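> Quick one: sequence plus predicted model below, questions after.
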Amino acid sequence: MSGLARLFLNEKKVVSGSDRAPSDITKALEVEGINFFPAQISSNITDDIDLVVYTEAIPKDQEELLAAREKGIETINYFDALGMVANEYFLIAIAGSHGKTTTTAMLIDIFEEAGLDPSAIVGSLRAKTKSNYRAGKSKYFIVEACEYRRDFMSLEPDVLVVTNIEHEHVDYYKDLGEVQQAFRELALRIREGGALIVNFSGENIAPILESVTVKLIDYGKYFDPTLSLTMPGMHNQLNAAAARAAADFVGISSEVSQTALEQFKGTWRRFEYKGEVNGAKVYDDYGHHPTEIKATLQGARELYPDRKLTLVFQAHMYSRTHTLFNDFVEALSLPDRVIVLPIYAAREVNESGVSHSKLAEAVRERGDDAEVLDTFDEVVIELKKSLGPNDLVLVMGAGDITQVATQLVS
């Protein structure tokens, strides 16, 4: 949402916005000239507003939305608003269950290195610029495209990159087949003369290729195990391969792509180094799906093979935790020690009865070390007491758990 706000501000619109509480992002937006409301209440909606853009993360009866509709103000969701702008460009959309933020940011860096000056919106803050929006002057627009509620169907890409496909957003998609169908329909929206870029050997990919008439590109052929990335893990090497494939399609040389990728510094909350506590290194990560947890833990092990790995985990949404419970248990059994915090509810009520305590109990039943703590303060106190120079801490989750990483190193 903040990237879109920056886009409209760059177009000389008058922009305001709200959130439940101030954050570093909202503070930055205020400095840039956006009027921020630190509470989401109906009085924020005034008669002089022309358009209200909302995220799918808020409920349909949210009072600002209701106030806008009562006043006859047009309301559209994030991706409809993004499509209004981005579809006017040569649009490169990065979609997939995992890795799309990193891949999008990598591709932006490659285009910059090539001097192609793209406009772009990415789902996190680029370490290079501390922003999730780039105002360019060329014909190119690079966007991260999320599959939740089929929102990416507002886009009409010239190039579509699909990093991978798994059963995600289980509160909306009942099974993997529905996810694949959504991606297939997006692939059919690729403009004539464009390209679909996927890993031909990737799991669950084949069904989305049906009836696609544009050029098909296997990004697996762009995988280079000798590429020197600052971010560890096979998953990031695959993200880099996907970015290289998209760059190659528009005529960027492999040498330019390699230079940009080897200098790539990552994004906010994607295995982001935060600092040290008692000599232990602390990283913060947005991962909230079992596959993402496993991949990031593997990357951490590669980078620090001799350190004891502690994972502090906050599951995101009851439905995801319930549906993928056994996969979560398997993933949480991989570190040397895991501390499990209460589930971040997001937009849900707990209908299944799943809990962080049940997760930890299931991990312990496998014979692995799992602790339950109920507050961020408890975690910080415990870790500051127990950590030493031979430790590595990974704070992980899509909710507000990032505060733990910040508190640990402050």
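Arrived safely, thanks for sending. Numbers count the residues shown, from 1 in each chain.
> distance of E371 from N204?
34 Å (CB to CB, to the nearest Å). The C-beta positions use only the backbone N, C-alpha and C, and glycine is treated the same way.
> cool, G96 as well?
For G96, the distance to N204 (CB to CB) stands at 11 Å.
> what touches both of those two?
Counting by CB atoms under 8 Å, 6 or more residues apart in numbering, the contacts common to G96 and N204 are N164, I165.
> Pick out whichever of these two has more residues nearby.
G96 (26 against 16; other CB atoms under 10 Å).
> For the more buried one, give me the backbone phi and psi.
With angles defined as degrees, to the nearest 10, G96 sits at phi 140, psi 160.
> My guess is it contacts T163. True?
Yes. The pair G96 / T163 is scored as a contact, 3.1 Å apart, by CB atoms under 8 Å.
> Which elements pack onto the longest helix that the chain contains?
In the chain, taking DSSP state H as the definition, the longest helix is helix 234-249. Helices and strands touching helix 234-249, as assessed by 3 or more CB pairs under 8 Å, 6 or more residues apart in numbering; DSSP states H and E, comprise strand 90-95, helix 100-113, strand 159-162, strand 195-198, strand 215-218, helix 254-262, helix 290-303.
> List the buried residues in that helix.
Residues of helix 234-249 classed as buried: 235-249 (neighbour count, 16 or more other CB atoms under 10 Å).
> Quick one: distance of it to the chain centre.
A distance of 17 Å separates the C-alpha centroid of helix 234-249 from that of its chain, computed with CA atoms, centre = their mean, to the nearest Å.
> which neighbours do G96 and T163 share?
Joint contacts of G96 and T163 (CB under 8 Å, 6+ apart) are T103.
> Restricting to C-alpha, output stretch 98-114 in PDB.
Provided in PDB are the C-alpha atoms of stretch 98-114 (Å, rounded to 0.1, in the frame of the first residue of the first chain):
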ATOM      1  CA  HIS A  98       7.500 -17.700  -2.600                       C
ATOM      2  CA  GLY A  99      10.400 -15.500  -3.600                       C
ATOM      3  CA  LYS A 100       8.600 -12.900  -5.600                       C
ATOM      4  CA  THR A 101       9.700  -9.900  -3.400                       C
ATOM      5  CA  THR A 102      13.400 -10.800  -3.700                       C
ATOM      6  CA  THR A 103      13.100 -11.600  -7.400                       C
ATOM      7  CA  THR A 104      11.300  -8.300  -8.100                       C
ATOM      8  CA  ALA A 105      14.000  -6.400  -6.200                       C
ATOM      9  CA  MET A 106      16.800  -8.300  -8.000                       C
ATOM     10  CA  LEU A 107      15.200  -7.500 -11.400                       C
ATOM     11  CA  ILE A 108      14.900  -3.800 -10.500                       C
ATOM     12  CA  ASP A 109      18.600  -3.700  -9.700                       C
ATOM     13  CA  ILE A 110      19.400  -5.400 -13.000                       C
ATOM     14  CA  PHE A 111      17.400  -2.800 -15.000                       C
ATOM     15  CA  GLU A 112      19.100   0.000 -13.100                       C
ATOM     16  CA  GLU A 113      22.500  -1.500 -13.900                       C
ATOM     17  CA  ALA A 114      21.500  -1.700 -17.500                       C
END
